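Visitor: Return atomic coordinates for the entry below.
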Amino acid sequence: MLHDLVLTTPLLILLFAALFTLVVDAFLPSGDDNRRFWAYFGAAASAASVLASVGLWKFGGSLEMHTTAFAQHLSMSHYSLFFVALTGVCALVTHLASPKYLSEHGSAWGEYYALLNFAAFGMGAMVASESLLTLFVGLEIMSMAIYVMVAIKRTSQASVEAGMKYFIMGSVASAFLLYGMAFLYGLSGGTSYLDISRALSQPGGNTLWLSLAVLLTSAAFLFKVAAVPFHMWTPDAYEGAPTPVTGLMSSAVKAAGFAALLKFLYACLGGPAMNTLHAQVPVVLATIAVITMTVGNLLALSQKSAKRTLAYSSIAHAGYLLLGCVAVVADPNLPGYLQPTGAVPFYLVGYAFASLAGFAALTVVGKGGEERTGEEQLIGMGRNYPFAGAVLALAMISLAGVPPTLGFFGKLQLARDVLGVDGGKYLPHIIILVLNSVVSAYYYLRITVWVYMRPDPKQAPEYIRETSLTWAMGLAAAGILLVGILPQRALVAGQRGVATIRTATAIKALRYEQAKPGPQPVRQAAAQPPAPEAKPAAEN
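Guide: Here you go, the predicted structure:
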């Protein structure tokens, strides 16, 4: 039990920080300065969670859970640690970007930082889940916290409306997920990924109910990652939410959603019983990916607000990532099974840093309780606030995939891995991805033009200037530059992570299922020669 608690240290740190903030904040006197402490406390807790994840990755030895309660519901494999660390970095940057912005908008409440820690804990539980129960609990902890954070600006009609839209549509998606989970439980007789995998390890079964289960659960995941046709909540939620929260949604929430989706597809639903759907599921995912990236990019072209533009950009990137989900290789530990490549985790690292940098830079224009992210408000930022302008331009260039930024290497690796599937089966999809990337460069570079190449307005805009916000922009920009210069480390880490998407216990159990002898045909038994009769003992 103690061994398992040590393995869950990255999650426990975030949970303790959330509970401590929630309880102690009630006893603090009112005032924005008293709440500023929680930003630094939350940033320190997020940093500790990241360091704990890195320490377990390097020095953890065997990362298998020992007790049944943990082993059937959570796993702190390299795959889980990779995404727990990534979401921890996103929470760290969001903590640092929030204090001054919240003060300017009259929303500097301690519960904001408690909710941020709860959201990070829920994301960690999602990616570490090994059962439908922990997946749903982690998803709802994250979702409930994000719903409230979107509507945290109580005096802003846009913020409250965005929170309500997100909450109502998110509740419908949760209902879809629960309904699909009910079918999976009925088909397998268990809720753990191992139980479902073992039930699907035998070919045959009821294809209708399995198809319905996959359809319902996939619809819920598509909503969480903002893919077409479940994308309509995204522009309003992104635009109405506080800018630091929008950065968290665009980076950490999307990373956790895709991490949970990959594990659900390959660690839970993989198996010979899925062969009847195997030809359809990747093709459907690739088709949805193409539609998603095209719709997102085309709708982004006509936007005049940077936040709304990046909201549609987030939809387009969901399409790129969905296409990456079909990139698979044979699982070396389990004959007949597939596992994803490291393209999606690597791409998510680059996208998360670019989104964090972009929205942290947009936070500086949220002065005086107003969201000034339109074209007119961004004009002159490069000259009046050079550091913020440079960070925003760097983020746009990386999102556009301009070499040699991290975004370019992410798209290159994703395209390479997808082209390696079935001898280039998805070549038309990659061509559409490249064309969409060219289209997206227009609106990304247009934001850079607003920042640097338009004449200064008559009245110079005011910006939020604070040390913690500067650190948030600097950390995100440093991530883009450092990982972009040395992308191999992040790529290898992603590949090592997906190699452990199935736990050693699951691999051993599925091997046992494969080795179990099947029933002998009756005709073979009848064809066997009769046993010789025993000779009587010699008589005297």
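Visitor: Please enumerate the strands of this protein.
Guide: Taking DSSP state E to define them, one finds strands in the chain at 328-330, 338-340.
Visitor: possible to save those as a markdown table with mean pLDDT?
Guide: Shown next, in a markdown table, are the strands of the chain (pLDDT from 0 to 100):
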| stretch | mean pLDDT |
| --- | --- |
| strand 328-330 | 83 |
| strand 338-340 | 84 |
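Visitor: want to throw the ones you listed into TSV with mean neighbour count and distance to Phe121?
Guide: For the C-beta atoms, the positions are set from N, CA and C on the backbone; glycine is no exception. Shown next, in TSV, are the strands of the chain (neighbours: other CB atoms under 10 Å; distance: least, CB to CB, whole Å):
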stretch	mean neighbour count	distance to Phe121
strand 328-330	16	30
strand 338-340	21	25
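Visitor: And the pLDDT at Gly61?
Guide: We note a pLDDT of 63 for Gly61 in this prediction.
Visitor: now swap in the one 4 residues further on and tell me
Guide: In the predicted model, Met65 carries a pLDDT score of 74.
Visitor: Distance check, the residue nearest to Arg198 when sequence neighbours are not counted against Val328.
Guide: Leaving aside its sequence neighbours, Arg198 sits nearest to Glu513 (CB to CB, 6 or more residues apart in numbering; 5.7 Å). According to CB to CB, to the nearest Å, Glu513 and Val328 sit 21 Å apart.
Visitor: Same check on Thr207?
Guide: For Thr207 relative to Val328 (CB to CB), the value is 21 Å.
Visitor: Ok, Leu248 next?
Guide: 30 Å.
Visitor: And Gln280, by the same measure?
Guide: Gln280 sits 15 Å away from Val328, going by CB to CB.
Visitor: got it, and Thr405?
Guide: Thr405 is 27 Å from Val328, by CB to CB.
Visitor: again with His429
Guide: Computed as CB to CB, the His429 to Val328 distance reads 14 Å.
Visitor: cool, and Ser468?
Guide: Relative to Val328, Ser468 is positioned 42 Å away (CB to CB).
Visitor: repeat for Met142
Guide: 27 Å.
Visitor: can you check Gly382 too?
Guide: Taking CB to CB, one finds Gly382 at 43 Å from Val328.
Visitor: Contact partners for the residue lying closest to His231 once chain neighbours are set aside?
Guide: Nearest non-adjacent residue to His231, counting by CB to CB, 6+ apart: Ile315, 4.9 Å away. Residues in contact with Ile315 (CB atoms under 8 Å, 6 or more residues apart in numbering) are 226-228, 231, 234, 292-293, 295-296, 299.
Visitor: Name the spans of the chain whose pLDDT lies under the cut-off.
Guide: 31-34, 61-62, 202-206, 271-279, 369, 457-460, 514, 517-540 (pLDDT under 70).
Visitor: And the helices in the stretch 151-300 of the chain, which stretches?
Guide: 157-188, 193-199, 207-224, 233-240, 243-248, 254-263, 275-278, 281-300 (DSSP state H, counting those that start in this stretch).
Visitor: what's the answer for the stretch 301-450 of the chain, then?
Guide: Using DSSP H, counting those that start in this stretch, helices in the stretch 301-450 of the chain cover 306-324, 343-363, 375-378, 381-384, 386-400, 406-419, 427-452.
Visitor: Just the CA trace of the second one, in CSV.
Guide: Coordinates of each C-alpha in helix 343-363 appear next as CSV, following Å, rounded to 0.1, in the frame of the first residue of the first chain:
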residue,chain,number,x,y,z
ALA,A,343,3.8,11.2,-32.6
VAL,A,344,0.7,12.3,-30.6
PRO,A,345,2.5,12.8,-27.3
PHE,A,346,5.4,14.7,-29.1
TYR,A,347,2.9,16.9,-31.0
LEU,A,348,1.0,17.7,-27.8
VAL,A,349,4.2,19.0,-26.1
GLY,A,350,4.8,21.5,-28.9
TYR,A,351,1.1,22.5,-29.1
ALA,A,352,0.9,22.9,-25.3
PHE,A,353,3.9,25.2,-25.1
ALA,A,354,2.8,27.3,-28.1
SER,A,355,-0.8,27.7,-26.7
LEU,A,356,0.5,28.6,-23.2
ALA,A,357,2.9,31.2,-24.7
GLY,A,358,0.2,32.7,-27.0
PHE,A,359,-2.5,33.1,-24.3
ALA,A,360,0.0,34.3,-21.7
ALA,A,361,1.0,37.0,-24.1
LEU,A,362,-2.7,37.9,-24.7
THR,A,363,-3.2,38.1,-21.0
